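[1] this one's structure only:
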């Protein structure tokens, strides 16, 4: 859920782990990262390949598209902490849409991808942190959605350079925006309205997941609140820049970083 496009992008549940759980958290991050740029062997049918890969993951077998040590560490982490392999398999299922050009015709298709890609990854980390009841899992899912959409909103031009777009095409048509406009800018009125809509998607998901922080221990609570307030600060910065994603990466000033730190300690938003 983190990314290299900007150093300010949130990485929820990335740190703050005890020595006992840290190897499992690291294993789940490495699994997720290993699936971000999947390749399919020449001559292999994409659908059949990923059907087989998901079945392998859910049976704790080596994957052809992942280093053996990465897969083994994730399987061991699931066994050690009594976590389902299905959440590893779901990410493999989603990864098939990351082969070649990635596009989603409508919001339902996009949200199905997020449900298979970001939510299972977050659930593994959430359950590792002891967040196991259905209400907590719902909050975890919402935060996963919010942080996923934030990441890909802020790195939209970089995603397009890799052939990926995590904005529904029907919404581009709604605001009369082309893929090429999103690739290069500038921020036309239609593009600003489109990107504002994506920011609302992020804010809504983050707000629905906010209560999760109250169920965490102090160390993880403050880590999550830092990411949560940081995410909203990045959206505010994007709004301040009038939704210009192209002139420079969206990052926070030192003053805004301090504000996020103080909000983490004392404030509610």
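    On my side now, so go ahead. This structure is a prediction, so every number in the text was calculated from the model and none was measured.
[2] Distance-wise, check the nearest residue to residue 161 once chain neighbours are set aside relative to residue 68.
    Distance criterion CB to CB, 6 or more residues apart in numbering; nearest residue to residue 161, sequence neighbours excluded, is residue 183 at 7.3 Å. Using the backbone N, CA and C atoms, a C-beta is placed for each residue, glycine as well. From residue 183 across to residue 68, the span is 37 Å (CB to CB, to the nearest Å).
[3] who's more crowded, these two?
    A count of neighbours by other CB atoms under 10 Å puts residue 183 above the other of residue 183 and residue 68, at 15 against 9.
[4] who's in contact with the more buried one?
    Taking CB atoms under 8 Å, 6 or more residues apart in numbering as the criterion, residue 183 is in contact with 157, 160, 161.
[5] now these: which count as buried?
    residue 160 (16 or more other CB atoms under 10 Å).
[6] Just the ones of the contacts of residue 183 in helices?
    Among these, DSSP state H puts 157, 160, 161 in helices.
[7] And those residues, which is closest to residue 31?
    Nearest to residue 31, judged by CB to CB, of those is residue 161 at 25.1 Å.
[8] pLDDT wise, what is that closest one at?
    Residue 161 is assigned a predicted lDDT (pLDDT) of 95.
[9] Closest to residue 221 out of the ones in helices among the contacts of residue 183?
    residue 157 (33.9 Å).
[10] so the closest residue to residue 169 other than its chain neighbours, which of the three states?
    For residue 169, ignoring the flanking residues on the chain, the nearest one in space by CB to CB, 6+ apart is residue 105 at 5.4 Å. Of the three states, residue 105 takes coil according to DSSP: H, G, I helix; E, B strand; the rest coil.
[11] same thing with residue 43?
    coil.
[12] What about it, how many residues nearby?
    Residue 43 has 5 nearby residues by other CB under 10 Å.
[13] and the gap between it and residue 49?
    10 Å.
[14] looking at it, residue 54 is touching residue 91, isn't it?
    No: using CB atoms under 8 Å, residue 54 is not in contact with residue 91, being 9.0 Å away.
[15] Tell me which of those two has more neighbours.
    Between residue 54 and residue 91, counting by other CB under 10 Å, residue 91 is the more crowded of the two (24 against 21).
[16] The strand or helix carrying that one: how far from the chain's middle?
    Per DSSP states H and E, residue 91 falls inside helix 86-95. Helix 86-95 sits 14 Å away from the centroid of its parent chain (CA atoms, centre = their mean, to the nearest Å).
[17] Can you give me the buried ones in the host helix or strand of residue 122?
    Assigned by DSSP H and E, residue 122 falls within helix 107-128. Of the residues in helix 107-128, 110-111, 113-114, 116-128 count as buried by neighbour count, 16+ other CB under 10 Å.
[18] separation between the residue lying closest to residue 90 once chain neighbours are set aside and residue 187?
    Spatial nearest neighbour of residue 90, excluding adjacent residues (CB to CB, 6+ apart): residue 120 at 4.1 Å. Residue 120 sits 34 Å away from residue 187, taking CB to CB as the criterion.
[19] Next up, the contacts around residue 148.
    Counted by CB under 8 Å, 6+ apart, residue 148 has contacts 1, 114, 117, 118, 166.
[20] just the residues you listed now: which is nearest residue 97?
    Nearest to residue 97 among the contacts of residue 148: residue 117, at 8.2 Å, using CB to CB.
[21] Thought residue 92 was touching that closest one, still the case?
    No: using CB under 8 Å, residue 117 makes no contact with residue 92, being 9.9 Å away.
[22] ok so, going back, how much space separates the residue nearest to residue 161 from residue 160?
    Taking CB to CB as the measure, residue 183 falls 4 Å from residue 160.
[23] now swap in residue 96 and tell me
    Residue 96 is 20 Å from residue 160, where distance means CB to CB.
[24] ok, now residue 170?
    Shown here: residue 170 relative to residue 160, a distance of 17 Å by CB to CB.
[25] pLDDT score for residue 2?
    pLDDT, residue 2: 39.
[26] Which strands or helices does the helix holding residue 122 pack on?
    The contact analysis (3 or more CB pairs under 8 Å, 6 or more residues apart in numbering; DSSP states H and E) places helix 107-128 against helix 22-34, helix 86-95, helix 134-154.
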